[in-house]
Structures are given as structure tokens and as C-alpha cells.
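Enquirer: Quick one, structure for this:
(chains A and B)
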Amino acid sequence: MSVKDKIWLWFHRMASPAYFYKLAGQVLPWTIVATTILMLIGLVGGLVFAPADYQQGDGFRIIYVHVPSAWMSMFVYMVMAVNSAIFLIWHIKLSDIVARSSAVIGASFTFLALVTGSIWGKPMWGTWWVWDARLTSELLLLFLYLGYIGLRSAIDDRRVAGKAGSILALVGAINIPIIHYSVVWWNTLHQSASVSKFDNPSIELNMLIPLLCMAIAFKLFYLCILLINSRSELLEQEKRSQWVKELVTSS
Amino acid sequence: MNYSNPFVAMLFRDLRIAFRQRAEIMLPVIFFVVVVSLFPLAISPDPAVLKSIGPGVIWIAALLSILLSLQSLFRSDFNDGSMEQILLSPFPGSLLMLARIVAQWCVTGLPLIIISPLLGLLLHLETHVIFVLFISLLLGIPYLNMVGAIAVALTIGLRQAGALLSLLVLPLYVPVLIFGSNAVISAANDLPYTGQLLWLAALLVLASTLSPFVISSALRVSCSYR
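Expert: Numbers count the residues shown, from 1 in each chain, chains lettered A, B, ... in the order given. As a prediction, the model looks like this:
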């Protein structure tokens, strides 16, 4: 069997709800353990062992929540868009479930990034909000997430909601780079560069390692929530199928 | 298969239907004028202030009146079942939907563009600035029609479509709003503005090539719902 066939086989297996349900159940405990360990390392490293910033003092430590959640906000939308494309092309229901569960998590990460950014901005820039390019495009990303969630929840029929949502997610994915660069460009025209958090020439290693730990921990955390969500959504969606009945009667 | 005949037929059908309801055509234009004339009352009638806020005000008002006119875009066809017939026809749905949007643009977008120089005068913009405003609206408003039509096609079957429609549409309108109002502001400050206009033209090309396909598949999804 060639590598290509193996990949296709894996793809088809993953698309089967029963197989995915079982696999997700096996993977989940390990992901939870890994998330907890990495998050502990990241938090202790970041809040205790990392030296205070020479300019921002201890205030910079909010970076360990803010930056990973900002990274996740983009990443989750990407996952959503890829899964929407898979759903539209191959009609794999599982992809739709992933996209649907991701939206709420992504919106929460975006909201978290905005709130922590605002809390960080108050002592550092002296204001809760600046119309900085990064902040503005993050805000618009939140609106895109909310639109997606709103559209899906407005449609009762699950299948139709999936299709309509997928189209919207793809339109959004095409627009995100355009929106981002237009906002960057608007900002450079309007005001001189405000304080940028990446002004520091380089970040010290014992500040960076906890940050990377936190970034991976956030990714794993997303995976945990995604697996839990998808499992319950799968059960609900497949409640009339044989494997769910067997699962319920055997337990 | 000859594609120009169905396009033209669809275009004229829609225009004929639109011109039978003249009052409805006038509403977005009147809305546009009224919204713009509220700003001097609320902020300041001082010409210097009006000059600085003018481009943004006219662009936002144009955007809102397009948003207002979007709601009726597919409504009657969807309600009386013609939409299914249009999508079932042997011609590509994207082609027919492009005709529908061109008709919609003629009826709602074009009047806004034509009346915009007058509003520029009301807000004390200079002649060459008004010219740039006109060009930017000419390039930007079709984009608003096309991208807005995607959101309308997705929400057409829903009960609470209005508020959801604006939530879906407004973030997607941001680039055009930025480039459009920036071109006018740059012209007012004697800065180069061709870059912004070229961006608007690029976005228009992108939207006019991709959005008809998205709209027709979104309409298929919406029609399958009921």
C-alpha cells in the first residue's frame, strides 16, 4: 500500500463518526494531562522564574496569556475555514462539527486577547484602547466569529446551518488578509506608530521558553475542548445510528 | 451555449420590475441625503469641521443605504418561488445572479453615485476632492452590492434576517470603507490617492469574479431549507 493510499485510508477512517468517537475518547485523557503539565510549567516559569522586564516591570507578565490567545484566535479561524472547505467539498459531517465547535472557542480566545490586551494597555500605554492596527483587526475578527455563530444559530436545520456556515467561513477566510492589511495600511496613514509590544530588540530566553510552553498549552487546551465538544455533538447528531445505540445499551 | 441572452433577459426583467415600484427606488437615495444632512446638525456647521469629516460621513451614509436596500434584493423572488425556477434553469446560477446584482446596482447604487457630488458640495468639499469622491464611490459601491448579496443569500430564509445581515456584512465592508474614505481624505490634503483607487479597483475585480458563484451556491442552500 502506498503512502498516498494510507493517507486516504486514514482520512476515511477519521471521517467515520464511530471511529472518531472512540479515538477521541482515547486521546482526550492524554491531552488533558499534557495541557495541565505544560500550562503549569508555562505559568510558573512565566510568573515566577522569568525576570521582570526592564521597562514594563512585572506588568509584562500578562504576555503569557495575551500572546497565546491572540495566536489562537487566528489559528482557530484557519482550522474552521479548512474544515468548512472539507465539509463543502467531501460532505464529511465530522468537519462540520469541528468547524462548529471551533467557532465558539475561537471567539472566546479572540475576546480573551482583546480583554487582556486592554488590561495590559492601561498601565503601559495609559489607555484602555488605542485604534492600533493589531487591536482593530482583532476586533473585526471577533465580529466575523460572532457573525458565523449568529448565522449558524439562526438556522434550525443542522445540515443547512453547516452549509451556510461553511460558505460564510470561507468568505471570511478570503477577507481576513484583506481586512488585516487594509487596517494596517489605514493605521500607518492616520497616526504615528504607537507603542508596539515587539519593540524590544529580542526577548530573553527565560522569558521566551514559558511563552512557548503557554502557546503549546493553549493549542492543546483548544484540542481538549474541541474533542469534548465534538464527542457530545457527535452523539447528538448520530443518536439514531446503530453505534450510539450499542454504546448506550452497553454502558 | 450562448450566455449573453439569458444575462440580458434577466437584467431587463429585474430592471422592469424595479421601475414599476418607483417609490422603493427613491428610498435609499433619500435615506442617503437625510443621513448626510444630519451630521452638520449633530456635530457642527463649521465648514472646516465638515471638510474634515465629510469624506467619512458620505462613505458611511452610502454604505448604510446600500445595506438598507440589500434586504429586498432576493425577497420577492424567494417568497413567490421564482428563485427555485431561476436556479433550476439550464443557465448557470452565477450568471443570472450577476445580472440580478447589476440590475440592483443600477437601481440603488448608481443613484447614490450620481447624487454624491451634490452632497460633497453640502459638506464644503472642493471640486477636485468631489471628483475623487465620485470615482471612489463608482469603484466601491458595486463591491458593497456584491459582497452584501452574499450575506443576503445566506440569510434570506431566516425570520430575524435584518440584524444578522448587518453583523455579517459590516466587517466585510471595512476594507472598502478604509480605502474609499482614505482616497478622498488624501485628495483633500493634496496627497497622492491613486493607490487607494487602484486598491478599490482590485477589490472590485476580486468581488465581481468570485461573488456570483458564492451567491448562487448560498441561494441553493437557502432554497433547500424550506
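Enquirer: which regions of chain B sit below the pLDDT cut-off?
Expert: For chain B, the stretches flagged by pLDDT under 70 are B:1, B:226.
Enquirer: Could I get the full set of strands for it?
Expert: Secondary structure of chain B (DSSP state E): no strands present.
Enquirer: now do chain A
Expert: Assigned by DSSP E, the strands in chain A number zero.
Enquirer: What parts of it come near chain B?
Expert: A:140, A:143-144, A:146-147, A:150-151, A:154-155, A:157, A:160, A:163-164, A:167-168, A:170-172, A:174-175, A:178-179, A:182-183, A:185-186, A:189 (C-beta under 8 Å from any C-beta of the partner chain). Glycine gets a C-beta too; all of them are placed from N, C-alpha and C.
Enquirer: List buried residues within the residues you listed.
Expert: Burial by neighbour count, 16 or more other C-beta atoms under 10 Å in any protein chain shown: within the residues of chain A next to chain B this picks out A:140, A:143-144, A:146-147, A:150-151, A:154-155, A:160, A:163-164, A:167-168, A:170-172, A:175, A:178-179, A:182-183, A:185-186.
Enquirer: In helices only, show me the residues you listed.
Expert: Judged by DSSP state H, helices contain the following of those: A:140, A:143-144, A:146-147, A:150-151, A:154, A:160, A:163-164, A:167-168, A:170-172, A:175, A:178-179, A:182-183, A:185-186.
Enquirer: Might one say that residue B:68 is in contact with residue B:28?
Expert: Yes: counting by C-beta atoms under 8 Å, residue B:68 touches residue B:28, with 5.8 Å between them.
Enquirer: Would you mind telling me which of the two has the busier surroundings?
Expert: In this view residue B:68 and residue B:28 are compared by other C-beta atoms under 10 Å in any protein chain shown, and residue B:28 has more residues nearby, 23 against 17.
Enquirer: quick one: that one from residue B:61, how far?
Expert: Residue B:28 sits at a distance of 10 Å from residue B:61 (criterion: C-beta to C-beta, to the nearest Å).
Enquirer: contacting residues around residue A:100?
Expert: Contact partners of residue A:100, counting by C-beta atoms under 8 Å, 6 or more residues apart in numbering or on different chains, are A:152, A:161, A:162, A:165, A:233.
Enquirer: how about a cut-off of 10 Å?
Expert: If a contact means C-beta atoms under 10 Å, 6 or more residues apart in numbering or on different chains, then residue A:100 has A:80, A:83-84, A:87, A:148-149, A:152-153, A:158, A:161-162, A:165-166, A:169, A:229-230, A:233 as its contacts.
Enquirer: And those residues, which of them are buried?
Expert: Buried among those by 16+ other C-beta under 10 Å: A:80, A:83-84, A:87, A:148-149, A:152, A:161-162, A:165-166, A:169, A:229-230, A:233.
Enquirer: Looking at the stretch 151-251 of chain A, which residue is nearest chain B?
Expert: Nearest residue of the stretch 151-251 of chain A to chain B (C-beta to the nearest C-beta) works out as residue A:182 at 3.9 Å.
Enquirer: Quick check, that residue in contact with residue A:137.
Expert: Yes: in this structure, residue A:182 is within contact of residue A:137 by C-beta atoms under 10 Å, at 9.0 Å.
Enquirer: can you list residues touching both of the two?
Expert: residue B:174.
Enquirer: Tell me where chain B has helices.
Expert: Going by DSSP H, chain B shows helices at B:4-20, B:22-42, B:47-70, B:75-80, B:82-88, B:93-104, B:110-122, B:127-155, B:161-188, B:194-223.
Enquirer: Next, format these as CSV and append distance to residue A:60.
Expert: Compiled in CSV, these are given as follows (distance: least, C-beta to C-beta, whole Å):
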stretch, distance to residue A:60
helix B:4-20, 59
helix B:22-42, 42
helix B:47-70, 36
helix B:75-80, 53
helix B:82-88, 56
helix B:93-104, 50
helix B:110-122, 48
helix B:127-155, 40
helix B:161-188, 31
helix B:194-223, 37
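Enquirer: any chance of those helices in a markdown table, with distance to chain A too?
Expert: Shown next, in a markdown table, are the helices of chain B (distance: least, C-beta to the nearest C-beta, whole Å):
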| stretch | distance to chain A |
| --- | --- |
| helix B:4-20 | 22 |
| helix B:22-42 | 20 |
| helix B:47-70 | 12 |
| helix B:75-80 | 14 |
| helix B:82-88 | 15 |
| helix B:93-104 | 13 |
| helix B:110-122 | 21 |
| helix B:127-155 | 5 |
| helix B:161-188 | 4 |
| helix B:194-223 | 4 |
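Enquirer: out of those, nearest to residue A:132?
Expert: helix B:161-188 (14.6 Å; C-beta to C-beta).
Enquirer: how much does the closest one deviate in direction from helix B:194-223?
Expert: 170 degrees (axes from the mean of the first three to the mean of the last three C-alpha atoms, to 10 degrees).
Enquirer: Settle this for me: residue B:175 is touching residue A:186, isn't it.
Expert: Yes: contact status for residue B:175 versus residue A:186: in contact at 9.1 Å, counting by C-beta under 10 Å.
Enquirer: Can you tell me the closest non-neighbouring residue to residue B:138?
Expert: residue B:113 (5.4 Å; C-beta to C-beta, 6 or more residues apart in numbering or on different chains).
Enquirer: My error: substitute residue A:216 in the last question.
Expert: Excluding the flanking residues, the one nearest residue A:216 by C-beta to C-beta, 6+ apart is residue A:38, at 5.6 Å.
Enquirer: give me every residue that touches that neighbour.
Expert: For residue A:38, the contact set (C-beta under 10 Å, 6+ apart) comprises A:212, A:213, A:214, A:215, A:216, A:217, A:218, A:219, A:220, A:221.
Enquirer: Kindly report the same for residue B:2.
Expert: residue B:91.
Enquirer: Please tell me how far it sits from chain A.
Expert: 29 Å (C-beta to the nearest C-beta, to the nearest Å).
Enquirer: Common neighbours of residue B:68 and residue B:28, please.
Expert: What both residue B:68 and residue B:28 touch, as defined by C-beta under 10 Å, 6+ apart, is the set residue B:108.
Enquirer: so residue B:86 makes contact with residue B:10?
Expert: Yes: applying C-beta under 10 Å as the test, residue B:86 and residue B:10 come out as touching, 7.8 Å apart.
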